[in-house]
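**Q** What shape does this take:
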Amino acid sequence: MLELRSLPKVANELFNALHEDELQLINELYLACEKEDLAEADRLMDLLLYDVEEHFSTEEELMKEADFFAYPMHKAEHDTMRGDLKALYSNWKTSKDTPMVMDFIKDKLIPWLLLHISRWDSVTAMHIGS
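**A** Numbers count the residues shown, from 1 in each chain. Predicted structure coming up:
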């Protein structure tokens, strides 16, 4: 879906590592859906939900520790995506609709991730430092 080299970098290596791990997982999920490998897609959906929560929670803890001025807005974006992913996950568990997952990744998750990194994570990382 998206090559690792196309992922924006920020001024914090932990953030970059979280983004890279997540992108790899997203790409694997997309490929599993493309191949109609339902067992692998199911495993990866479980993993994605867990991974995103760990990713967002880690960033949010760092923001609180650093007293980041825009914490409420940054967290609000996380919360919106948390809700979208939980809805996708719930639909997936009942329907196993691979095109729905692929569309979500292409049309919502990847664009959101790129914009979120550019808009929020870059500023947050500069505030927190490396």
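
**Q** Give the burial count for Ser57, as a bare number.
**A** Using other C-beta atoms under 10 Å, the number of residues around Ser57 comes to 11. Quick note: C-beta positions are derived from backbone N, CA and C, even for glycine.

**Q** Can you pull up the most central residue in the chain?
**A** The centre of the chain sits closest to Val52, judged by C-alpha atoms, centre = their mean, with a distance of 5.2 Å.

**Q** these two touch, right, that one and Asp79?
**A** No. Val52 sits out of contact with Asp79 when judged by C-beta atoms under 8 Å, with a separation of 11.5 Å.

**Q** residues contacting the residue nearest to the centre of the chain?
**A** Counting by C-beta atoms under 8 Å, 6 or more residues apart in numbering, Val52 touches 22, 81-82, 85.

**Q** do Ala11 as well
**A** 122, 125-126, 129-130.

**Q** Mind listing residues that contact the helix or strand harbouring Ala17?
**A** Counting by DSSP states H and E, the element that carries Ala17 is helix 13-34. Outside helix 13-34, the residues that touch it by C-beta under 8 Å, 6+ apart are 1-2, 4, 7, 9-10, 40-41, 44-45, 47-48, 51-52, 55, 58-59, 62, 98-99, 101-102, 105-106, 109-110, 113, 117, 121, 124-125, 130.

**Q** What residues sit buried inside the next helix or strand after it?
**A** Per DSSP H and E, the first helix or strand lying C-terminal to helix 13-34 is helix 38-65. Judged by neighbour count (16 or more other C-beta atoms under 10 Å), helix 38-65 contains these buried residues: 41, 44-45, 48-49, 51-52, 55-56, 59-60, 62-63.
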